[in-house]
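Peer 1: Quick one, structure for this:
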Amino acid sequence: MKETYIKELQQIHPVNPVLIEGLPGLGLVGKIAMRYLIKQLKAQKIAYLYSPHFPYFVIVNKKGNVRLLRGTFYFWKNPQEDANDLILFTGDSQSQTIEGQYEIADCLLEYAEKNHVHTLVTIGGYRMETNDKPKVFVAATSKATIEKSVAAGASLSVSGSPIVGTAGLILGLSRFKKIDALCLLGETRGYIPDPLSAKSVLEILKNTFNFDVDLAGLTDEIVRAEKMVARLQAIEVKRASQAEEIKKEDEKKTTYIS
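Peer 2: Predicted coordinates:
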């Protein structure tokens, strides 16, 4: 394999399609959001994306079979007349090279163009320590799209903040394909999977594009994540306490020579 390519499993004929991308990143916000959305909507698998820029190992399943790392496209037909059908994209990893980031983003945009996508959404995490409901920041290629997301509950992205990886590059490259694009970034600590942030993003997403999905199923994941954070914080407090005790003992043993 010398370059990124897409293997189509079946042709689709979407109506007013919106393509939504969520790859692993800070807090796995995009990955969790997409995995949940695909499951709840019972979206149909339609294509794979393979690239030599993914990490160089294979995934082994329970039966011992192996496969290359890949991205996967899914399709959901909106039952409402003249509403947006959804093309959903997620994967095992982001590219490990700069040129690969550009190549994969461009390949994804070509697939979007082929399927007459006029709006594309990327999902990611925004590093921020917060004990409240995570905010969702929006950046987009058009004023109308920004206003639509803000009306749905998002906040404007901080000026000058870079959006790293596929989520950001797609916005920059989408102009060349004349595709409107927006990025939704959920606040997250970033160091553990964050389903609470993913839930905040999905709330904005469904309100922006007027489709219905029950988010109650994320509750168990959120509880598990909060317990993990509490354990990590307790470990950190204990470590800091031990470090302070060691420091005090060392100070007692210190001999000063005048």
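
Peer 1: how about stretch 133-150: buried residues?
Peer 2: Neighbour-count burial for stretch 133-150, with 16 or more other C-beta atoms under 10 Å as criterion, is recorded at 134, 135, 136, 137, 138, 139, 140, 141, 145, 146, 148, 149. Bear in mind the C-beta positions are built from the backbone N, C-alpha and C, glycine included.

Peer 1: which residues sit against it?
Peer 2: 119, 126, 128, 153-158, 163, 171, 174-175, 180-188, 194, 196-197, 200-201, 203-204, 208 (C-beta atoms under 8 Å, 6 or more residues apart in numbering).

Peer 1: how close does the residue nearest the centre of the chain sit to residue 71?
Peer 2: Nearest residue to the geometric centre of the chain (C-alpha atoms, centre = their mean): residue 30, 1.6 Å. Distance, residue 30 to residue 71, by C-beta to C-beta, to the nearest Å: 12 Å.

Peer 1: Next, please give the residue ranges for the helices of the stretch 151-258 of the chain.
Peer 2: For the stretch 151-258 of the chain, the helices defined by DSSP state H, counting those that start in this stretch occupy 166-174, 195-209, 219-253.

Peer 1: want to throw those helices into CSV with distance to residue 46?
Peer 2: Output for the helices of the stretch 151-258 of the chain, formatted as CSV (distance: least, C-beta to C-beta, whole Å):
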stretch, distance to residue 46
helix 166-174, 19
helix 195-209, 19
helix 219-253, 26
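
Peer 1: With residue 14 as the reference, name the closest of these.
Peer 2: Among these, the nearest to residue 14 by C-beta to C-beta is helix 195-209 (13.3 Å).

Peer 1: wait, what's in contact with the residue lying closest to residue 197 once chain neighbours are set aside?
Peer 2: Leaving aside its chain neighbours, residue 197 sits nearest to residue 186 (3.6 Å; criterion: C-beta to C-beta, 6 or more residues apart in numbering). Listed by C-beta under 8 Å, 6+ apart, the contact partners of residue 186 are 27, 29, 33, 123-126, 134-136, 194, 197-198, 200-201.

Peer 1: rewinding a little: what about the contacts of stretch 133-150, which are in strands?
Peer 2: Among the contacts of stretch 133-150, the members found in strands (DSSP state E) are 119, 126, 155-156, 180-188.
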